[in-house]
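S.K.: coordinates only, no sequence provided:
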């Protein structure tokens, strides 16, 4: 085994693994990534209306409704320009509140209702997901007071 | 008053780190002994200063000194003492101070225990260590001073985020940080070696214990974090491929690769350049981790309040540290000579494969974590979640696990694969039996999960077979085997334990991912819920009052086939100071499965949302991690890792000379 041969094997092996990984990443990216959309995007962009997406915005005030079975909840998510109804079966995160930011994952069904598979929690009441603040900025409804700033 | 002492010692420490990062380095270059000698006392003093500052901050938290902004923001007089103390690092400023404390602590350890290091190498290592300290101290003092006062002092504080008021989390950040920062030693050694232009077996022996120590604490830290997420968040999950988790996982993967490649440098004087690169990259990933967590750059469900301006400061630090060290690497690495030859099928070959798979795995996680950020610059917002990692990361780890059982049996330099595989016949047989048994038990269940069980058993039995072979178990009288066992180096036992622990953890991950049962419904007092063969009888809710929270506590009597199993008491707590509700899950474990339940909101008509999980094998994840940590600790105690430790055989010593000869034991 010469030094050259050894190097050849190692480089070859490395290339092979790297190529496999790249192929896996590319296929996974085309199948498994999730676009992030705001309620306005869902109305305007075809990709958001079809695919599996993450929807972010504020939970509209007085929109939360617990269904008869108590497990299915519905509410509206708004970027203060547009809003979309959302249904979700499960326990809402502890910090889920009306008027506060939320990120949910799911699809828009034929009736234009967003069926959420997952409602993401946050761990800190001062925290607004960056996607949500961006969505609010994009719809021109971002004010510093929207984010409930710490009162120093 | 104590705050001023803390502030003062921080500034002194900053000045001292300027001295320590320059003089010893220059001294080592010019052969100035006095300047070289500064490094050791300086490193000890630096650590002392930071201990003083940390002590001052801890004291402020303990006596609830609300004139300090950080205490006001994160503490409350009614908080239990344990959380007053852990609150010290439950916030940005304090956690950065903890980071610097550990950083200087490692530096002091090198100064105190590095008697066997050549003086110039030690001076350079400590000097590089001081440069990192300098950067972080500047960051601490100029952007996030823990000793900032507020005037007038408020009467009471705003309390610590209730999710952080938990014993599991109390020790998660120190462990994780010790791991992150521990890799700084490997980094400093790598940079010092590049400057010296010398990497040899002795160098690898100095680096390995530090890397191992960092790896142990990082493993423990990640395990604690996932355990905390499991029982505290009430979602029944233990890993979410969340950016904040990923950034701690990347240094772990890379550090694991480093740990293995350092063996090749030590034993075979090969892969030197690669090992240096790994050491630099591992610590760089730790820095990136800190940056991501501290800057709030990435959206994470785990994110706590963060501040982007501070992020910019760390970004600059990051650029200097990573850019500088890689530049140095590019300039100096070609001058390092490459060592021993080996065939692709050999112990070295196995370790190279391990390194390739681990580094590629790291880059996969890297792309998944930071890729969305780069794409965002082009205007597309995406999120990468579990499906991506299942599709990319898991397939890469399959060959790694398969080879993990084979690798330790391969001899150095050149090996016959056939001979090794024939030694693994027993492991193969056990694997087939396990696969068939699992398939029978779960009724053909998900094929991939059954395969994963097979791989775990393969690794577990393979690791034990290798160990049994070494002590010739059942082939010579048992007494002889025991004798051989006591003579086996501790690092060999450590490896067996670590590999077996990994197998157990894989079993746990597979079991809980594939065979978890979940039930969500509204329950009213008197209701009986059946989940996976267990009956849960809801006996009602009662209000209880904690030290700084109120809670609604549910009572559920769990029975199986009419036999009483346990009473579960999940809670819904409200912390009034922050007006924040939290979920306290109730968990019953018997080692093979967890019964897990959480209560949600009331429907206002006497019913409560309850969530019940039946999680098979989930405790094995943490048991496996614990065994890995034990294995690492055992290996760390190996005398061979202490350079210059007395050599066992007198004959051998006579043959190879004295002193540093221990390097080849």
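M.R.: Here it is on my side, so go on. The structure displayed is predicted, hence computed values, not measured ones.
S.K.: domain assignment for chain A?
M.R.: Chain A breaks down by automatic domain parsing into domains covering A:1-32, A:34-146.
S.K.: how about chain B?
M.R.: B:1-165, B:171-182+B:197-409, B:424-515+B:623-664, B:517-616.
S.K.: redo those as CSV? Include mean neighbour count and distance to residue A:118.
M.R.: All C-beta atoms are positioned from the backbone trio N, CA, C, and that covers glycine. What follows is these, written out as CSV (neighbours: other CB atoms under 10 Å in any protein chain shown; distance: least, CB to CB, whole Å):
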stretch, mean neighbour count, distance to residue A:118
domain B:1-165, 20, 19
domain B:171-182+B:197-409, 20, 9
domain B:424-515+B:623-664, 17, 16
domain B:517-616, 17, 13
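S.K.: mean confidence score for the helix of greatest length in chain A?
M.R.: Across chain A, the longest stretch assigned as helix under DSSP state H is helix A:3-32. For helix A:3-32, mean pLDDT is 77.
S.K.: what strands line up against the next helix or strand after it, and which way round?
M.R.: Once helix A:3-32 ends, the next helix or strand along the chain (criterion: DSSP states H and E) is strand A:34-37. Strand partners for strand A:34-37, identified by DSSP bridges, are recorded as strand A:53-59 (parallel), strand B:382-383 (antiparallel).
S.K.: could you point out the helix or strand that follows strand A:34-37?
M.R.: Sequence order places helix A:39-44 as the next helix or strand after strand A:34-37, per DSSP H and E.
S.K.: ok, back up a step: out of the domains of chain A, deepest packed?
M.R.: Most buried of these, by mean neighbour count (mean count of other CB atoms under 10 Å in any protein chain shown): domain A:34-146, with a mean of 18.
S.K.: can you tell me which of the strands paired with strand A:34-37 the model trusts least?
M.R.: Sorting the strands paired with strand A:34-37 by mean pLDDT places strand B:382-383 lowest, at a mean of 76.
S.K.: now that strand: how far from the chain's centre is it?
M.R.: Strand B:382-383 sits 26 Å away from the centroid of its parent chain (CA atoms, centre = their mean, to the nearest Å).
S.K.: which secondary structure elements does whatever helix or strand comes next after that strand contact?
M.R.: The helix or strand immediately downstream of strand B:382-383 is helix B:386-406, counting by DSSP H and E. Applying 3 or more CB pairs under 8 Å, 6 or more residues apart in numbering or on different chains; DSSP states H and E, we find helix B:386-406 packed against helix A:3-32, helix B:347-377, helix B:417-423, helix B:447-470, helix B:490-514.
S.K.: find the centremost residue of chain A, please.
M.R.: Compute the mean C-alpha point of chain A, and by CA atoms, centre = their mean the closest residue is residue A:54, 2.9 Å away.
S.K.: from what I can see it touches residue A:38, true?
M.R.: No. The criterion here is CB atoms under 8 Å, and residue A:54 misses it with residue A:38 at 10.1 Å.
S.K.: tell me if residue B:51 really is in a helix.
M.R.: Yes. Per DSSP: H, G, I helix; E, B strand; the rest coil, residue B:51 lies within a helix segment.
S.K.: contact partners for it?
M.R.: Going by CB atoms under 8 Å, 6 or more residues apart in numbering or on different chains, residue B:51 touches residue B:101.
S.K.: how close does it get to chain A?
M.R.: 30 Å (CB to the nearest CB, to the nearest Å).
S.K.: got the confidence number for that residue?
M.R.: We have a pLDDT of 97 for residue B:51.
S.K.: same question, residue B:76
M.R.: For residue B:76, pLDDT reads 85.
S.K.: quick one: contacts for the residue lying closest to it once chain neighbours are set aside?
M.R.: Among residues not flanking residue B:76 along the chain, residue B:159 sits closest, at 3.9 Å (CB to CB, 6 or more residues apart in numbering or on different chains). For residue B:159, the contacting residues are B:74-76, B:79, B:548, B:575, B:577-578, by CB under 8 Å, 6+ apart.
S.K.: doesn't residue B:159 fall inside a helix?
M.R.: No. Counting by three-state DSSP, residue B:159 falls outside a helix, being coil.
S.K.: still on that earlier bit, dump the domains of chain B into JSON lines; add distance to residue A:105 as well.
M.R.: Output for these, formatted as JSON lines (distance: least, CB to CB, whole Å):
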{"stretch": "domain B:1-165", "distance to residue A:105": "22"}
{"stretch": "domain B:171-182+B:197-409", "distance to residue A:105": "8"}
{"stretch": "domain B:424-515+B:623-664", "distance to residue A:105": "19"}
{"stretch": "domain B:517-616", "distance to residue A:105": "17"}
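S.K.: check which helix or strand residue B:526 maps to.
M.R.: Residue B:526 belongs to no helix or strand, assigned by DSSP H and E.
S.K.: check residue B:3 too.
M.R.: helix B:2-30.
S.K.: so what does that helix touch, helix or strand wise?
M.R.: If you count contacts as 3+ CB pairs under 8 Å, 6+ apart, helix B:2-30 packs onto helix B:33-62, helix B:119-143.
S.K.: can you list the contacts of residue B:159 in JSON lines and add distance to residue B:335 and secondary structure?
M.R.: Shown next, in JSON lines, are the contacts of residue B:159 (distance: CB to CB, whole Å; DSSP: H, G, I helix; E, B strand; the rest coil):
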{"residue": "B:74", "distance to residue B:335": "50", "secondary structure": "helix"}
{"residue": "B:75", "distance to residue B:335": "54", "secondary structure": "coil"}
{"residue": "B:76", "distance to residue B:335": "58", "secondary structure": "coil"}
{"residue": "B:79", "distance to residue B:335": "57", "secondary structure": "coil"}
{"residue": "B:548", "distance to residue B:335": "61", "secondary structure": "coil"}
{"residue": "B:575", "distance to residue B:335": "59", "secondary structure": "strand"}
{"residue": "B:577", "distance to residue B:335": "60", "secondary structure": "coil"}
{"residue": "B:578", "distance to residue B:335": "57", "secondary structure": "coil"}
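S.K.: low-confidence stretches in the stretch 351-500 of chain B?
M.R.: Residue ranges of the stretch 351-500 of chain B with pLDDT under 70: B:377, B:379.
S.K.: could you rerun that using 50?
M.R.: For the stretch 351-500 of chain B, no stretch has pLDDT under 50.
S.K.: which residues of it lie near chain A?
M.R.: Proximity of the stretch 351-500 of chain B to chain A (CB under 8 Å from any CB of the partner chain) is limited to residues B:352-353, B:356-357, B:360, B:363-364, B:367, B:380-385, B:387-388, B:391-392, B:395-396, B:414.
S.K.: and if you look at the stretch 501-650 of chain B?
M.R.: Counting by CB under 8 Å from any CB, the residues of the stretch 501-650 of chain B close to chain A are B:520-522, B:578-583, B:598, B:600-601, B:603, B:607, B:609, B:611.
S.K.: tell me which two of these sit farthest apart.
M.R.: The distance between the two most remote of these (CB to CB) is 29.8 Å, for B:521 and B:578.
S.K.: can you pull the contacts of residue B:434?
M.R.: Going by CB under 8 Å, 6+ apart, residue B:434 touches B:453-454, B:457.
S.K.: confirm residue B:597 sits in a strand?
M.R.: Yes. Assessed with three-state DSSP, residue B:597 lies in a strand.
S.K.: check the closest residue to it other than its chain neighbours and give its pLDDT.
M.R.: Using CB to CB, 6+ apart and skipping the chain neighbours, the partner closest in space to residue B:597 is residue B:612 (4.7 Å). With respect to pLDDT, residue B:612 has a value of 91.
S.K.: try residue A:145
M.R.: With respect to pLDDT, residue A:145 scores 43.
S.K.: same question for residue A:123.
M.R.: At residue A:123, the model reports a pLDDT of 55.
S.K.: try residue B:6
M.R.: pLDDT at residue B:6 comes out at 93.
S.K.: how close does the residue nearest to it when sequence neighbours are not counted sit to residue B:222?
M.R.: Sequence neighbours aside, residue B:56 is the residue nearest to residue B:6 in space, at 3.0 Å (criterion: CB to CB, 6+ apart). Distance from residue B:56 to residue B:222, counting by CB to CB, to the nearest Å: 30 Å.
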